[in-house]
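S.K.: One predicted model, sequence on top.
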Amino acid sequence: MEHVAVLAARAELEAAKKDKQDKRMTAEAAAELIKDGDHVAIGGTLYSRTPMALVFALLAKRRRHLTVSRPLACYEIELFASTGALDRIVTSWVGIGLPWGLAPIFRDYVERGEVAYDEWSHLAMGLRYKAGAMGVPFLPALTMLGSDLAARLDLQTVTCPYTGDRLAAVPALNPDVALIHAHRADMLGNVQVDGYRHMDVDMARAARTVIVSAEQIVSPDEIAARPDRTMLPHFAVDAVVAAPHGSYPHECYGRYGPDLRHFDGYAAAAREHGPAAGLRYVEENADPGFADFLDRAGPERLAALAADAGELTPR
Amino acid sequence: MSDVTADELMAITASRLLADHKVVFAGVGMPLLASAVARHRHAPHLTIVLEGGIIGTALLPGKLPISTNEMRAAYGAQMLTDITDIFLYAQRGYFDYGFLGAAQVDMYGNINTSVIGTMEHPRVRLPGSGGANDIISLCNEVLIVTQHEPRRFVERVDFITSPGYLSGGDSRARAGLLTGRLGAVVTDLALLDFEPVTRRMRLRALQPGVSVSQVRAQTGFDLLVSDELTELAPPSPEEIVIYRELRDGPVPVTVETP
């Protein structure tokens, strides 16, 4: 388990250049900010608001020795493993989704010991990002106690100085990079999201570098017209990438539903061919670029997924 | 009764344990279906919470979510927040019930969803805890629903992902788990609870037509049997219709009277 000194992350932040400037760039340029050996936190959860355009750009770079953390991980984890980019997963759950059963490529790498899996509870993941976001080294909690998860991670406890109760001391996590997909952002990096926020706010505030892709780049005036929707202020964001349909084939709340047929195809190939299917998926879908990927999905499919979202969310 | 599936039997039995006006923290699949049946039948004021930041989901019949983090799960919700926030409501004590499935459960209600075999030499690496460890640690009363098979009901789980009563007695409290208790385990054969002193799993009621020896044969450990053993009422036609409409959508369903 990696323990990052939260004060070091703070010192870096204090020393960082923080001009209020145009932070727009391409996904390809944003992926250049990620280096071999980095801890990359991926926003969204399972197949919701995954920053897929950014993930694809990173996959195409074929980085090595990455640690990836997420609240619940979907098949993007298998893609990082299949391309040899992944050393370690830090999460509470890895799968494709309930109907597709166990994720075969994930199983292959973790069972062979080629990829390490630090399994935390879901709340503990949230508290790790939250402690990192708060600038404190740990948060006390009443979860994970007594479990083999705690024993395996060597999770420490603290004694409450007021009551004498023993609590789990969940350590801070300050990822090197956070990748977040949002509904709207302005060029300065003010970021708005509709619907549930997953763990994105804490994850971004904990991270050393924050890359945000957005369905729409809007003017600062449009952000200011609905300031209650803003989940990250410009000074917490380093790069802004325009990415309409940037979560596809995963969902984006109120915009489009998940393309579950695409999952069917992926899951069938992964079951049949294992890691080779993951590598092939990246070569066919991620390497040619995200615009090409969306073109192949086609406007009819994207429109149908948008209609699904319209049916399920309030006007 | 012959056309009632094991899933229907489990969901309907579990739904009856949920009282009106309470708050249930449910996982997707069987726990969510059971919660939805309760809300559509005897508990219209039941609030269903999902870990994806979703409070008070309404659920669209025939379009139940397969993830706790998706728009179908959020349909009709009263509040959308973030994931960590939901678990902090649980830690504060707001959630009357936590509702879980289990790949493997042992005589003390410990659940394994991490690994079959050992972590050093896994035979099957399972997906992991998700929110299960937190739900069993933090909700006021925990309900478990799972199919009754010897490979699921084991003497000791291979790995304690989610702590029940650990090694029995007061070991849960000694581990620092100050809150939460395990209420019941619902299966296609029986309703089980935990004996108050030893905290060992105990047969409390049988599904209709099932014998004690049948339950014992499907349980991989020595099962206690309650002095007040009863038989559960079979699913009513009304319950079956509600279940099937939720699962498949509002299509006409004919059900023979059991």
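M.R.: Thanks, I have the structure now.
S.K.: switch to C-alpha atoms for all contacts and neighbour counts from now on
M.R.: Noted.
S.K.: closest point of the stretch 201-315 of chain A to chain B, which residue?
M.R.: A:Leu312 (5.7 Å; Cα to the nearest Cα).
S.K.: I'd guessed that residue sits against B:Arg72; true?
M.R.: Yes: here A:Leu312 reaches B:Arg72: they are 6.4 Å apart, a contact under Cα atoms under 8 Å.
S.K.: Excluding chain neighbours, give the residue nearest to the residue of the stretch 201-315 of chain A closest to chain B in space.
M.R.: B:Tyr75 (5.7 Å; Cα to Cα, 6 or more residues apart in numbering or on different chains).
S.K.: was I right about that neighbour contacting B:Leu60?
M.R.: Yes: counting by Cα under 8 Å, B:Leu60 is a contact partner of B:Tyr75 at 6.9 Å.
S.K.: tell me the centre residue of chain A?
M.R.: Nearest to the mean C-alpha position of chain A, by Cα atoms, centre = their mean, lies A:Ile42 at 1.4 Å.
S.K.: separation between it and A:Ala224?
M.R.: 27 Å (Cα to Cα, to the nearest Å).
S.K.: Please save the CA atoms from the lowest-mean-pLDDT helix or strand in chain A in CSV.
M.R.: The helix or strand of chain A with the poorest confidence is helix A:6-15; it has a mean of 88 (mean pLDDT, DSSP states H and E). Taking Å, rounded to 0.1, in the frame of the first residue of the first chain, the C-alpha atoms of helix A:6-15 are listed here in CSV:
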residue,chain,number,x,y,z
VAL,A,6,-0.6,14.7,2.5
LEU,A,7,1.6,17.7,3.5
ALA,A,8,3.8,17.0,0.5
ALA,A,9,0.8,17.2,-1.8
ARG,A,10,-0.1,20.5,-0.1
ALA,A,11,3.4,21.9,-0.5
GLU,A,12,3.3,21.0,-4.2
LEU,A,13,0.0,22.8,-4.6
GLU,A,14,1.2,25.9,-2.8
ALA,A,15,4.2,26.1,-5.1
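S.K.: next SSE after it?
M.R.: helix A:27-31 (DSSP states H and E).
S.K.: quick check: mean pLDDT across that following helix?
M.R.: Taken as a whole, helix A:27-31 has a mean pLDDT of 98.
S.K.: Now do that helix: everything it contacts.
M.R.: Helix A:27-31 has contacts (Cα atoms under 8 Å, 6 or more residues apart in numbering or on different chains) with A:53-54, A:57-58, A:61, A:211, A:213, A:239, A:241.
S.K.: domains for chain A, by residue range?
M.R.: With domains defined by automatic domain parsing, chain A comprises A:6-123+A:173-312, A:138-171.
S.K.: which of these sits most buried?
M.R.: Among these, the stretch with the highest mean neighbour count (mean count of other Cα atoms under 10 Å in any protein chain shown) is domain A:6-123+A:173-312, at a mean of 21.
S.K.: So which residues of the stretch 201-315 of chain A form helices?
M.R.: With DSSP state H, counting those that start in this stretch, the ranges of helices along the stretch 201-315 of chain A come out as A:220-225, A:260-273, A:275-281, A:290-297, A:299-312.
S.K.: Pairing partners for the longest strand anywhere in chain B, with directions?
M.R.: Longest strand of chain B, by residue count under DSSP state E: strand B:224-231. Its sheet considered, strand B:224-231 pairs with strand B:201-206 (parallel) by DSSP bridges.
S.K.: who in the stretch 101-250 of chain B is up against chain A?
M.R.: B:121-134, B:137-138, B:159-163, B:166, B:172, B:175-178 (Cα under 8 Å from any Cα of the partner chain).
S.K.: where does the stretch 1-150 of chain B have low pLDDT?
M.R.: B:1-2 (pLDDT under 70).
S.K.: Can you identify each of the helices in it by residue range?
M.R.: Under DSSP H, counting those that start in this stretch, the stretch 1-150 of chain B gives helices at B:6-15, B:30-40, B:71-74, B:83-92, B:132-138.
S.K.: Same question for the stretch 151-258 of chain B.
M.R.: Using DSSP H, counting those that start in this stretch, helices in the stretch 151-258 of chain B cover B:171-174, B:212-217, B:237-248.
S.K.: can you pull the buried residues of the last one?
M.R.: For helix B:237-248, the neighbour count (16 or more other Cα atoms under 10 Å in any protein chain shown) marks B:239-247 as buried.
S.K.: Report the contact partners of the residue of the stretch 201-315 of chain A closest to chain B.
M.R.: Contact criterion Cα under 8 Å, 6+ apart gives A:254, B:71-72, B:75 as the residues in contact with A:Leu312.
S.K.: coming back round to it: any idea which of the contacts of helix A:27-31 is closest to B:Glu51?
M.R.: Nearest to B:Glu51 among the contacts of helix A:27-31, counting by Cα to Cα, is A:Ser213 at 24.6 Å.
S.K.: Please give me every residue in contact with that closest one.
M.R.: A:27, A:51, A:53-54, A:179-182, A:185, A:240-243, A:246.
S.K.: That one and A:Gly189: what is the separation?
M.R.: A:Ser213 is 10 Å from A:Gly189, where distance means Cα to Cα.
S.K.: who touches both of those two?
M.R.: A:Val240.
S.K.: Residues of the stretch 1-150 of chain A that sit close to chain B?
M.R.: Residues of the stretch 1-150 of chain A lying close to chain B (Cα under 8 Å from any Cα) are A:45-48, A:72, A:92-95, A:97-99, A:102-103, A:107, A:110-111, A:119-123, A:126-127, A:142-149.
S.K.: wait, doesn't A:His262 sit right on A:Tyr248?
M.R.: No: between A:His262 and A:Tyr248 there is no contact, the gap being 9.8 Å when judged by Cα under 8 Å.
S.K.: which stretches of chain A aren't confidently modelled?
M.R.: A:1-4.
S.K.: mind redoing it with 90?
M.R.: Along chain A, the model assigns pLDDT under 90 to residues A:1-9, A:16-19, A:98, A:315.
S.K.: ok, which stretches of it are strands?
M.R.: Ranges of strands within chain A are A:39-42, A:66-69, A:86-91, A:116-119, A:138-141, A:157-159, A:166-171, A:177-185, A:191-192, A:209-217, A:230-232, A:239-242, based on DSSP E.
S.K.: Same question for the stretch 51-200 of chain B.
M.R.: Ranges of strands in the stretch 51-200 of chain B, per DSSP state E, counting those that start in this stretch, are B:54-55, B:79-80, B:97-100, B:104-106, B:111-112, B:115-117, B:122-125, B:141-145, B:153-154, B:181-186, B:190-194.
S.K.: I'd like the ones you listed as CSV, with mean neighbour count and distance to A:Val170 appended.
M.R.: Converted to CSV, the strands of the stretch 51-200 of chain B look like this (neighbours: other Cα atoms under 10 Å in any protein chain shown; distance: least, Cα to Cα, whole Å):
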stretch, mean neighbour count, distance to A:Val170
strand B:54-55, 26, 24
strand B:79-80, 16, 25
strand B:97-100, 28, 22
strand B:104-106, 27, 26
strand B:111-112, 30, 21
strand B:115-117, 19, 23
strand B:122-125, 18, 24
strand B:141-145, 23, 23
strand B:153-154, 22, 30
strand B:181-186, 23, 23
strand B:190-194, 24, 30
